[in-house]
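# Here you go, sequence then predicted model.
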Number of protein chains: 2
Amino acid sequence: MLNLIGHNYIGGERRAAGSIQHKSLDATSGEALPYLFTQATPEEVDAAANAAAAAYPRYRNLAAVRRAEFLDAIADEIDALGDDFVALVTRETALPAARIQGERGRTSGQMRLFAKVLRRGDFYAARIDRVLPERQPLPRPDLRQYQIGVGPVAVFGASNFPLAFSTAGGDTASALAAGCPVVFKAHSGHMATAECVADAIIRAANKTDMPPGVFNMIFGSGVGEALVKHPAIQSVGFTGSLKGGRALCDLAAARPQPIPVFAEMSSVNPLVLLPGALQARGASVAKELAASVVLGCGQFCTNPGLVLGIRSAAFSAFIEQLGDAIATHPAQTMLNAGTLKSYTAGVAQLHEHALVSHLAGAEQTGKQGVPQLFKADVRMLLDGDHLLQEEVFGPTTIVVEVADKAELTRALQSMHGQLTATLIAERDDLLAYRDLLSLLEEKAGRVLLNGYPTGVEVCDSMVHGGPYPATSDARGTSVGTLAIHRFLRPVCYQNYPDEVLPEALQDANPLGIQRLVDGAYSRDPLN
Amino acid sequence: MLNLIGHNYIGGERRAAGSIQHKSLDATSGEALPYLFTQATPEEVDAAANAAAAAYPRYRNLAAVRRAEFLDAIADEIDALGDDFVALVTRETALPAARIQGERGRTSGQMRLFAKVLRRGDFYAARIDRVLPERQPLPRPDLRQYQIGVGPVAVFGASNFPLAFSTAGGDTASALAAGCPVVFKAHSGHMATAECVADAIIRAANKTDMPPGVFNMIFGSGVGEALVKHPAIQSVGFTGSLKGGRALCDLAAARPQPIPVFAEMSSVNPLVLLPGALQARGASVAKELAASVVLGCGQFCTNPGLVLGIRSAAFSAFIEQLGDAIATHPAQTMLNAGTLKSYTAGVAQLHEHALVSHLAGAEQTGKQGVPQLFKADVRMLLDGDHLLQEEVFGPTTIVVEVADKAELTRALQSMHGQLTATLIAERDDLLAYRDLLSLLEEKAGRVLLNGYPTGVEVCDSMVHGGPYPATSDARGTSVGTLAIHRFLRPVCYQNYPDEVLPEALQDANPLGIQRLVDGAYSRDPLN
């Protein structure tokens, strides 16, 4: 048994003055784990935000390579979390050990990727417009710009990625990379996991001599509201439900000082199967798509929840094959009782709707999520029925048949914002349906061709974001290195002498970074 | 007399179905100009937003060089607006002709600068991670990312810059550059000016074959609310009061789909006079600072509204010199009756406060803004009195004496977010007060040394933004080329063949732009 004390992490100390305690449950058996987690008191929430604010001036002024050392040290500590840790995460989430091992590597890899961004230095986005003393009618002063961290960031992790979207996940990694101290609200679904990961971060902070308060974590139910309202908090990262994310957005917008919230929420992830591909490989698409729908019990933000195709005998056959494939996949234990309850309710709503028919899947009952296939009338999309616009989180998908290309376009136009949109198409399809590509770009943060959206690569080019309600701000991403820009803001220096400018903007370019100098990119020192 | 019909601009047509009409006033005499402006009906507001939405797919998909041609054509049309136009703007705003001529050049220059950004292509922020088919345990798909316009943008112009922050101002220029059609709400203070400029934009749109609806303009009072609530609008640019900007932010946040608002609102623009500079050149600083305070009747967002210094005989002498200089500047006609009323009320509030004393300036009465100097007790800052946190828009500034460096730091820490913060300092001051630089960065979007904040250069490095309440989102700027990023969002293409990728992401790099390829910057084609 791991040594977990369940106290809050505040400014480098552990504090637990409160009297409310929470237990973490074994996701499979429902039994309580032998640990108690003490809810942060209002004073402790305040102290955590203030600790982050106190750390901010020193932390943001550290050289980027020092922050990179910190991120690399976190990665090493996460990699060193052993089999007992994997077993613990598996107990709390019912996710298989192999998945947790993979997610551990993804989480440490993500930290190392942001360390690379810090060393590359392009996140500074340095710009220099040199003094023009002779310019008429007025001289131009010396103006230089780079990006600094916005301040302390509150992060709310996801239930479905206990590592990669949680305590040391992408939001934490990108905020820390940007120079922003973090206050993390531990997810009630995996508090023991959160404590192990927070310990890893604190060990890394100590090893690399980071200021106390660079990372803080609080436990408890309802403490997130006070955190988002705290005047020291300058931005929020969130992954979870539309209801939860929107509530945080509304709170943040109503503050005396409104702050941005980057909430990754609800996405249906439409997939369009075009006629050429249907003819060429309908049967294999049915199998691959079914595998994507049931992967991880469908508990992915990018789970393909809507499949569109043009009515034909071949599409009918495809639907049958898809139903067969989905029905043969076994039920799986879901992340927690809340997830199962929500999935059961979502499936029931589909059963009850007059324009939805159930095609495949055993009865959704008992303690596990049972894969399902439904078919909905395209009128539901065209008439703006909300049921097809909000994800059912779990192993289910809905087929929609359209009459022709024109109806397909109208159906896609009716859709709200998405994390992903996928085309399954042959080359001839692409030429015949080229307008669809342009439409899908306007709907989604990531558009895929002949793939399935459930794998989200962590890299420079990834966008895990999209128009509302996929996220609260389509300009951000919560996966990939672009995520750092959510937590940066520009500062301009006018007429500052070289010796007090930040290194990124000094004449000699001591960091050797690329800069936009008088309208042209260069790594050269200024003369 | 110019030929102005006062109809709304909707999808390339002029429409005026409404019955409410507005007159524009001569700012100096208060007389009505001989033009009538017809308020947009609710249907016309809807039609304007829909026209922008209809233009969006075609406009955003135009090659960037085509959008650059459009911006250059607008610049040419604006430059061609002649003496009768300058006289009209002068009548509507009471700003002198030389200032309007200068602002005309600034406005066309701004359009040409964004055209240059479009040709440079760095706004695409293209990123490519190539396929790794052999990677273990899973292959990496081909992933490519660039930035597209977010959709139609609503723009609200400023009273104090009838050209550069208005119809064809920085918000319009950056939105059009980003590929976003615009619906502009004409400011009631200069509707005739707005019509002349809108005509110039429409002529440019026709000459360069832009889609109808790429630029729309509506007149009227209260029509902005419906515009911000319209589902087609995807972002908002605003320059004006804290009250007006915050109201739009609240509306936008409460929409079914919340949208970002970039509001440039209220800034006090603190200026700190350090002891070395005071000794070396106190008298000349007093003269220069007074000139900055009264410039354009103090009607600048970056007007220095608060002057901090450490108590000493020399600082007392400086205050006296500053008072003398301010008192000798004549009263000036303000932009409109509302601005004068607001300035008069602001000055009266300062007179009434027990901790504020009036140092110089004739009585604020009559039809013009009279320059004023006040002195406030530092306790007002330390105790969080709101009076020193909100700008008094006009030719006044407030001196605050502090006991020492520690109190100076506390006073600056108490300040809300700012567009600018200025240090007047000698080299020795900078070394002795280095911590102040770091603090000012956290408070402002632009930090100046030995200059005055009232000149805002339009260039790559400028930041005209800052933490709330200076703006609603510190990550944006409304002056300078970085402004385009407010209206862009990333899209990722997974596994798209070259022929359907946007040119910016094609293997051959036909645009010749810089791209981040597998983690390194390059302009090379891919092989």
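Noted; the coordinates are in hand. Numbers count the residues shown, from 1 in each chain, chains lettered A, B, ... in the order given.
# Let's see the distance spanning stretch A:389-398 from one end to the other.
The first and last residues of stretch A:389-398 sit 11 Å apart, counting by Cα to Cα, to the nearest Å.
# what's the average pLDDT for that stretch?
Across stretch A:389-398, the average pLDDT comes to 95.
# Let me see the mean pLDDT of stretch A:89-107.
Across stretch A:89-107, the per-residue pLDDT values average to 97.
# In it, which residues are buried?
Counting neighbours by 16 or more other Cβ atoms under 10 Å in any protein chain shown, one finds that the buried residues in stretch A:89-107 are A:89-95, A:99-100, A:102-107. C-betas here are computed from N, CA, C, even on glycine.
# I'd like to know how many residues surround whichever residue of the stretch 251-400 of chain A sits closest to chain B.
The stretch 251-400 of chain A approaches chain B most closely through residue A:253 (3.5 Å), counting by Cβ to the nearest Cβ. By other Cβ atoms under 10 Å in any protein chain shown, 20 other residues sit near residue A:253.
# same thing with residue A:365?
Close neighbours of residue A:365, defined as other Cβ under 10 Å, add up to 10.
# Enumerate the residues of the stretch 251-400 of chain A near chain B.
A:253, A:254, A:257, A:258, A:260 (Cβ under 8 Å from any Cβ of the partner chain).
# Got a quick PyMOL command for the buried subset of these?
A single PyMOL command suffices to select whichever of these are buried according to 16+ other Cβ under 10 Å:
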select buried, chain A and resi 253+258+260
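# Mind checking which of the residues of the stretch 251-400 of chain A next to chain B land in helices?
Members of these lying in helices (criterion: DSSP state H): A:253, A:254.
# now, the most widely separated pair of the residues of the stretch 251-400 of chain A next to chain B?
Spatial extent of those (Cβ to Cβ) is set by the pair A:254 and A:260 at 13.6 Å.
# unless I'm mixing things up, the residue of the stretch 251-400 of chain A closest to chain B is touching residue B:249, no?
Yes: the pair residue A:253 / residue B:249 is scored as a contact, 7.0 Å apart, by Cβ atoms under 8 Å.
# circling back to that earlier point, just curious, which of the buried residues of stretch A:89-107 is nearest to residue B:277?
Among these, residue A:107 lies closest to residue B:277 (Cβ to Cβ), at 51.0 Å.
# Check the gap between the nearest residue to that closest one once chain neighbours are set aside and chain B for me.
Once flanking residues are discounted, residue A:107 sits nearest to residue A:163: 4.4 Å by Cβ to Cβ, 6 or more residues apart in numbering or on different chains. Distance, residue A:163 to chain B, by Cβ to the nearest Cβ, to the nearest Å: 17 Å.
# quick one: secondary structure of residue A:163?
At residue A:163, secondary structure determined by DSSP: H, G, I helix; E, B strand; the rest coil is coil.
# All the strands of the stretch 401-527 of chain A, residue numbers only.
Along the stretch 401-527 of chain A, counting by DSSP state E, counting those that start in this stretch, strands occupy A:418-424, A:444-449, A:488-494, A:515-517, A:520-522.
# Of these, which is nearest residue A:138?
Nearest to residue A:138, of the strands of the stretch 401-527 of chain A and by Cβ to Cβ, is strand A:488-494 at 13.6 Å.
# Just give me how far the closest one sits from the chain centre.
From the chain centre to the centre of strand A:488-494 is a distance of 27 Å (Cα atoms, centre = their mean, to the nearest Å).
# Name the residues that touch it?
A:123, A:125, A:141-150, A:178, A:501, A:505, B:441, B:444-449, B:451, B:461-463, B:465, B:467, B:474-475, B:477, B:482 (Cβ atoms under 8 Å, 6 or more residues apart in numbering or on different chains).
# now with 7 Å?
A:123, A:141, A:143-150, A:178, A:501, A:505, B:441, B:445-449, B:451, B:461-463, B:474-475, B:477, B:482 (Cβ atoms under 7 Å, 6 or more residues apart in numbering or on different chains).
# Pull out the buried members of those.
A:123, A:141, A:143-150, A:178, A:501, A:505, B:441, B:445-449, B:451, B:461-463, B:474-475, B:477, B:482.
# Among these, name the ones in helices.
Mapping the buried ones among the contacts of strand A:488-494 onto helices (DSSP H) picks out A:178, B:441.
# which ones are touching residue A:168?
Neighbour list for residue A:168: A:74, A:78, A:107, A:111, A:197, A:200, A:201 [criterion: Cβ under 7 Å, 6+ apart].
# now do residue A:405
Going by Cβ under 7 Å, 6+ apart, residue A:405 touches residue A:433.
# measure it to residue B:109 for me?
Here residue A:405 is placed at a distance of 46 Å from residue B:109 (Cβ to Cβ, to the nearest Å).
# what do you get for residue A:445?
Distance check for residue A:445 against residue B:109: by Cβ to Cβ, it reads 35 Å.
# hmm, back to that, any chance of a markdown table for the strands of the stretch 401-527 of chain A, columns distance to residue B:6 and mean pLDDT?
Converted to a markdown table, the strands of the stretch 401-527 of chain A look like this (distance: least, Cβ to Cβ, whole Å; pLDDT from 0 to 100):
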| stretch | distance to residue B:6 | mean pLDDT |
| --- | --- | --- |
| strand A:418-424 | 42 | 98 |
| strand A:444-449 | 42 | 98 |
| strand A:488-494 | 39 | 98 |
| strand A:515-517 | 43 | 98 |
| strand A:520-522 | 45 | 95 |
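# export the ones you listed to a markdown table and tack on distance to residue B:324?
A markdown table is the format used below for the strands of the stretch 401-527 of chain A (distance: least, Cβ to Cβ, whole Å):
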| stretch | distance to residue B:324 |
| --- | --- |
| strand A:418-424 | 63 |
| strand A:444-449 | 60 |
| strand A:488-494 | 28 |
| strand A:515-517 | 43 |
| strand A:520-522 | 47 |
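# Residue A:216 is nearest to which of the ones you listed?
Proximity to residue A:216 (Cβ to Cβ) singles out strand A:488-494 among the strands of the stretch 401-527 of chain A, at 20.7 Å.
# Sheet-wise, list the partners of that closest one with their directions.
strand A:143-149 (antiparallel), strand B:444-449 (parallel) (DSSP bridges).
# Using JSON lines, please lay out those strands together with distance to residue A:349.
Formatted as JSON lines, the strands paired with strand A:488-494 follow (distance: least, Cβ to Cβ, whole Å):
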{"stretch": "strand A:143-149", "distance to residue A:349": "43"}
{"stretch": "strand B:444-449", "distance to residue A:349": "48"}
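# what about these, which gets the closest to residue A:511?
Nearest of the strands paired with strand A:488-494 (Cβ to Cβ): strand A:143-149, 10.4 Å.
# Residue A:322: which of the contacts of residue A:168 is nearest?
Closest to residue A:322 out of these is residue A:107 (33.0 Å), distances taken as Cβ to Cβ.
# Need the contact partners of the helix or strand hosting that closest one.
Residue A:107 is part of helix A:97-120, with elements assigned from DSSP states H and E. With contact meaning Cβ under 7 Å, 6+ apart, helix A:97-120 is reached by A:64-65, A:67-68, A:71-72, A:74-75, A:78-79, A:81, A:86, A:89-90, A:123, A:161, A:163-164, A:168-170, A:173-174, A:177, A:296, A:458, A:481, A:484, B:519.
# Please check those and keep the buried ones.
A:64, A:67-68, A:71-72, A:74-75, A:78-79, A:81, A:86, A:89-90, A:123, A:161, A:163-164, A:168-170, A:173-174, A:177, A:296, A:458, A:481, A:484.
# Residue A:228 touches residue A:154, doesn't it?
Yes: contact criterion Cβ atoms under 7 Å: residue A:228 and residue A:154 qualify, at 5.9 Å.
# Now list whatever residues contact both of those two.
Common contacts of residue A:228 and residue A:154 (Cβ under 7 Å, 6+ apart): residue A:236.
# Those two: which is more packed in?
residue A:154 (31 against 23).
# Show me the shaky parts of chain A.
Within chain A, the ranges that satisfy pLDDT under 70 run A:1.
# list the buried ones in the helix or strand in which residue A:184 is found?
Element membership for residue A:184, per DSSP H and E: strand A:182-185. Along strand A:182-185, these residues count as buried under the neighbour rule (16+ other Cβ under 10 Å): A:182, A:183, A:184, A:185.
# Alright, I will stop here.
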